[in-house]
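Trainee: Everything below, folded, please.
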Amino acid sequence: MKKLVVSNAFSSGYSSNPKAVRYLLILTCLVALIGVQRIALLHTVADAKTAGAIRISPSVQSSSACIAESLSASDTTFKRPNPTGPPFSCPSAAPIVRYDSFEFDLSGCSSSSVTISLCGPAGCTGVTGQNLDTIIYVYQAGGAPHPFNPGTPCTNLVAVNDDASPSCSAGAFLSALTTTLGSGRFQVVVAAFGDSFDNNGSYNLYVNAPSCTLNQIPACPAITVSPSTIPCGAKGTAYPSTMLSGVVGTGPYTFTHSGTLPIGMTFDDATATLSGTPSQAGGFSLTVTATDANGCRGTQTYLLVINDVTLPCITDGLCPGDPTFHPANTRDTDPTGIDHTGEGGVCRPSLIQTNTFYKAYELSVTGCASTTLTATLCGSSPCDPLTGTGALANPVIYLYRTGGLTGTSPGDGAPGAFDPNNSCNNLVAANNELDGTVSSGGLGTCAANSSLAGLQRTIAPGNFVLVVTSFSDGDTGAYRLSLSAPGCTIAICSQPPTPANAGPDQNVCGSSATLAANTPGVVTGNWSVVGGSGTFANSNDPNTTVTGLSSGANVLRWTITSGACAPSFDDVTITSSGSGTTVSALGDANVWVGLKNSDDLGVKFDFLAEVLKNGVVVASTQVNDQSGGGSGFNNAILRTIGLTLSSSQSFCTGDTLSFRLSVRVAASSTHVSGTARLWYNDAGANSRFNATVNGSSIDYFLRDLFLLDTTTGPGKKTSDVSVNRNVGGNPFKPFGTWTKNF
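Mentor: From the prediction side, this is the model:
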């Protein structure tokens, strides 16, 4: 329904002026004709989220607007600035909240004291009954368009208010402010105070700029830069080239960046590509702004961690792609640093952290009877702590060892003490801050940042796992980890081995096999014999040949090692059935073939002879344009067909060796059809083929019941095949397949 909304203030101001009333009636008719859905003079009601929001007519000199909106789960979000200022601040740990953005143009004046409120006067009062706690932010950049960029929410911020003063009767947590703005564009952002509670509900936004003309402008879309995170890199290794792009706005986009990149890396604004080979380790902050064709902007700040995992100073970081776990709860007043307040005094999972990124380092401490292990993120030169932009702000350190810190029983200090699915298992020490608490084990307060973690413990040699994580889920950042163990040697597992896969179990005949393990990558793999016997041609080759297998099961182990990391291994069983039978070559096939009926005299045939192992062809020869001969054995012709084996074949118990002979009408035959007859079985009709078996020449005869044997049998046997060149494409048709079982 078309309707005109006129505020009470407008009605009372014009009711005593006949000329004004006449102008109002004319305007009413114009609105109805052009179909404007809603307009409010002085208090204009509009939906700011629709493209092309209602513009207040400058001819009427409107100075106020009222916009009905709501915050809901479908709204875009940003990391909101602090609710006080100036000076304004945008902490990295600020909540990510829902917001609505409204852009206005202020004209007809040089400046104005602008009131922006969610608790306006009559006609635009605060909405009651809402569960809403709000903040209002105002942005202006000399009157330039689109001053608000959700990626840099402190830029161009000129005013902020959390709760109206005096409090709004409609809701104590509704916001309002008055600030002086110059002419040109400005933006109002209505945001929820928090990310979980009181962030859903309707409101009326009242904007009043006395003595000025106020026009609402379609707001920019929430432009983002994709991807939202970038991978970590390693010092001295080419960084995976990463191209960024703008999303949601109108292309083409232009890009700018700020921040300090590691030496050897660049960001190309023209192509929005990050690349290079870093020669510097640490945490670096890169801020990229994408501007679309309409001048709307979106900004993304990236953490770039370049690691250098070498002793005694490890530079590394928690990255968005790292694994996560539910860490154990820490307790500064406990000398171990572990919270043992659970039932029965056991270690408790954290109540705050449930899904934090982590890095785990497997340490091997050897060459001593005992030592003091120091692991700290607040070391001394040249392992100074990382602080500020890009650094991990609130780290936690955990130390794991089987058998306790000083245990020396068999199995104590074995590799692999850390289980991310059970963060309390084998945990021997923890610390979440260096502020003089007993959990640090005697380390002093960290002057650079007391929130950095570290610990010092007396230990027995063995394998340890040191885990660095954060005090909050989702936190990322770089750190320097200093490690020392006076009088001992420390080795570190900086690259865990690839999980070993020894390949599939095999059944072989003979005493050799070709193995099929996985490639170990840049680390080392090695074969060994667990059971049975075997000699490896190259024990480091995953696909080596093993010889000297004993009859029966032979268990072989493929082990992948990487420095001090716990090795990974997998076993494969090679079952040998004994020495087996080897067919190394084939000779000729000699077969007696004639005609079934003399009516077919003159027909010509093509023959196909095949040798098969376990039903798979290993030799095949075709001869064409062969005379059909005549009927009766005396008129059959002994055909000689040469056979060549594709490769030497080993036959184990249960394997089969077969011979198959097939026939078709030759293309040159004047007869298009005929019935061929194969003669076999006895010493006269001695159809056969020759093979070299275990070094000896052997004839295999075609015998009755479609068997192969090394001797002939009693009586002649025949097999007939009728073929027709004009039927079915003239395929080869077999006389039969004769088989020997080993």
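
Trainee: drop to CA atoms for contacts and neighbour counts, all remaining ones
Mentor: Noted.

Trainee: Skipping adjacent residues, who's closest to Pro188 in space?
Mentor: If you look again at residue 188, you'll see it is Val, not Pro. In space, and not counting its chain neighbours, Val188 is closest to Val138: 4.7 Å by C-alpha to C-alpha, 6 or more residues apart in numbering.

Trainee: do the same with Ala281
Mentor: Nearest to Ala281 is Ile306, by C-alpha to C-alpha, 6+ apart, at 4.8 Å.

Trainee: Any idea what that neighbour is bridged to?
Mentor: Gly233, Gly282 (DSSP bridges).

Trainee: picking that back up, A strand includes the residue nearest to Val188, no?
Mentor: Yes - the assignment for Val138 (DSSP: H, G, I helix; E, B strand; the rest coil) places it in a strand.

Trainee: what about it, distance to Ala619?
Mentor: 85 Å (C-alpha to C-alpha, to the nearest Å).

Trainee: again with Gly276
Mentor: According to C-alpha to C-alpha, Gly276 and Ala619 sit 56 Å apart.

Trainee: and what of Ala234?
Mentor: From Ala234 to Ala619 the distance is 55 Å (C-alpha to C-alpha).

Trainee: for Ser528, same thing?
Mentor: Distance from Ser528 to Ala619, by C-alpha to C-alpha: 37 Å.

Trainee: So the residue nearest to Ala281 sits against Thr277, correct?
Mentor: No - judged on C-alpha atoms under 8 Å, Ile306 makes no contact with Thr277 at a distance of 10.1 Å.

Trainee: Can you pull the residues that touch both of these two?
Mentor: Lys235 (C-alpha atoms under 8 Å, 6 or more residues apart in numbering).

Trainee: Who has more neighbours out of those two?
Mentor: Set Ile306 next to Thr277 and count neighbours by other C-alpha atoms under 10 Å: Ile306 wins out with 26 against 19.

Trainee: so who does the more buried one touch?
Mentor: Applying C-alpha under 8 Å, 6+ apart, the residues near Ile306 are 232-235, 262, 278, 280-283, 315-317.

Trainee: Now tabulate those residues in JSON lines and tack on pLDDT, neighbour count and distance to Thr178.
Mentor: Listed next are the contacts of Ile306 as JSON lines, based on pLDDT from 0 to 100; neighbours: other C-alpha atoms under 10 Å; distance: C-alpha to C-alpha, whole Å:
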{"residue": "Cys232", "pLDDT": "90", "neighbour count": "20", "distance to Thr178": "45"}
{"residue": "Gly233", "pLDDT": "91", "neighbour count": "21", "distance to Thr178": "48"}
{"residue": "Ala234", "pLDDT": "90", "neighbour count": "20", "distance to Thr178": "51"}
{"residue": "Lys235", "pLDDT": "92", "neighbour count": "21", "distance to Thr178": "52"}
{"residue": "Pro262", "pLDDT": "94", "neighbour count": "20", "distance to Thr178": "45"}
{"residue": "Pro278", "pLDDT": "96", "neighbour count": "21", "distance to Thr178": "50"}
{"residue": "Gln280", "pLDDT": "93", "neighbour count": "18", "distance to Thr178": "49"}
{"residue": "Ala281", "pLDDT": "92", "neighbour count": "24", "distance to Thr178": "48"}
{"residue": "Gly282", "pLDDT": "89", "neighbour count": "25", "distance to Thr178": "45"}
{"residue": "Gly283", "pLDDT": "87", "neighbour count": "30", "distance to Thr178": "41"}
{"residue": "Thr315", "pLDDT": "94", "neighbour count": "27", "distance to Thr178": "49"}
{"residue": "Asp316", "pLDDT": "94", "neighbour count": "26", "distance to Thr178": "48"}
{"residue": "Gly317", "pLDDT": "94", "neighbour count": "30", "distance to Thr178": "44"}
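
Trainee: Reformat these as CSV; add distance to Asp332.
Mentor: Shown next, in CSV, are the contacts of Ile306 (distance: C-alpha to C-alpha, whole Å):
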residue, distance to Asp332
Cys232, 32
Gly233, 34
Ala234, 34
Lys235, 35
Pro262, 36
Pro278, 38
Gln280, 35
Ala281, 31
Gly282, 28
Gly283, 28
Thr315, 26
Asp316, 25
Gly317, 24
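
Trainee: now, which of the residues you listed sits nearest Pro520?
Mentor: Using C-alpha to C-alpha, Ala234 comes nearest to Pro520 of the contacts of Ile306, at 20.2 Å.

Trainee: surely that closest one meets Thr310?
Mentor: No - with contact defined as C-alpha under 8 Å, Ala234 does not reach Thr310; the gap is 11.3 Å.

Trainee: how much space between Ala209 and Ala65?
Mentor: Ala209 sits 9 Å away from Ala65 when distances are taken as C-alpha to C-alpha.

Trainee: Okay, now the unreliable bits of the chain?
Mentor: Scanning the chain for pLDDT under 70 picks out the ranges 1-61, 494-495, 522, 564, 579.

Trainee: how close does the closest residue to Ile136 other than its chain neighbours sit to Ile116?
Mentor: In this structure, Ile136 finds its nearest non-sequential neighbour in Val190, 4.8 Å apart by C-alpha to C-alpha, 6+ apart. For Val190, the distance to Ile116 equals 10 Å [C-alpha to C-alpha].

Trainee: repeat for Pro734
Mentor: 95 Å.

Trainee: Neighbour count for those two, which is higher?
Mentor: Using other C-alpha under 10 Å, the more surrounded residue of Pro734 and Ile116 is Ile116, with 25 against 17.

Trainee: What's the end-to-end length of stretch 396-405?
Mentor: By C-alpha to C-alpha, one end of stretch 396-405 lies 19 Å from the other end.

Trainee: Could you list the residues in contact with that stretch?
Mentor: Contacts for stretch 396-405 (C-alpha under 8 Å, 6+ apart): 409, 411-414, 417-418, 426-433, 452-455, 457-460, 463-471.

Trainee: Restricted to buried residues, select those residues in ChimeraX.
Mentor: In ChimeraX syntax, the buried subset of the contacts of stretch 396-405 is picked out as below (16 or more other C-alpha atoms under 10 Å):
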select :412,413,417,418,426,427,428,429,430,431,432,433,452,453,454,455,457,459,460,463,464,465,466,467,468,469,470,471
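
Trainee: what number of residues lie near Thr710?
Mentor: 14.

Trainee: again with the one 5 residues further on
Mentor: Look at Gly715: counted by other C-alpha under 10 Å, it has 13 neighbours.

Trainee: Ok, Ser381 next?
Mentor: Neighbour tally, Ser381, other C-alpha under 10 Å: 9.

Trainee: Quick one: residues contacting it.
Mentor: Contacts of Ser381 (C-alpha under 8 Å, 6+ apart): none.

Trainee: How about Ala585?
Mentor: Applying C-alpha under 8 Å, 6+ apart, the residues near Ala585 are Thr644, Leu645, Ser647, Ser648, Ala691, Thr692, Val693.

Trainee: Let's see if you can find the most crowded of those.
Mentor: Ala691 (21 neighbours).

Trainee: For it, which residues count as its bridge partners?
Mentor: Assigned bridge partners for Ala691, using DSSP bridges, are Leu586, Ile698.

Trainee: Distance check, it against Phe651.
Mentor: Counting by C-alpha to C-alpha, the gap from Ala691 to Phe651 is 13 Å.

Trainee: Could you tell me which residues touch both of the two?
Mentor: Val583.

Trainee: I'd guessed Thr561 sits against Thr524; true?
Mentor: Yes - look at Thr561 against Thr524 with C-alpha under 8 Å: they come within range, at 5.5 Å.

Trainee: So for these two, which residue has more residues nearby?
Mentor: Between Thr561 and Thr524, counted using other C-alpha under 10 Å, the more crowded position is Thr561 (21 against 17).
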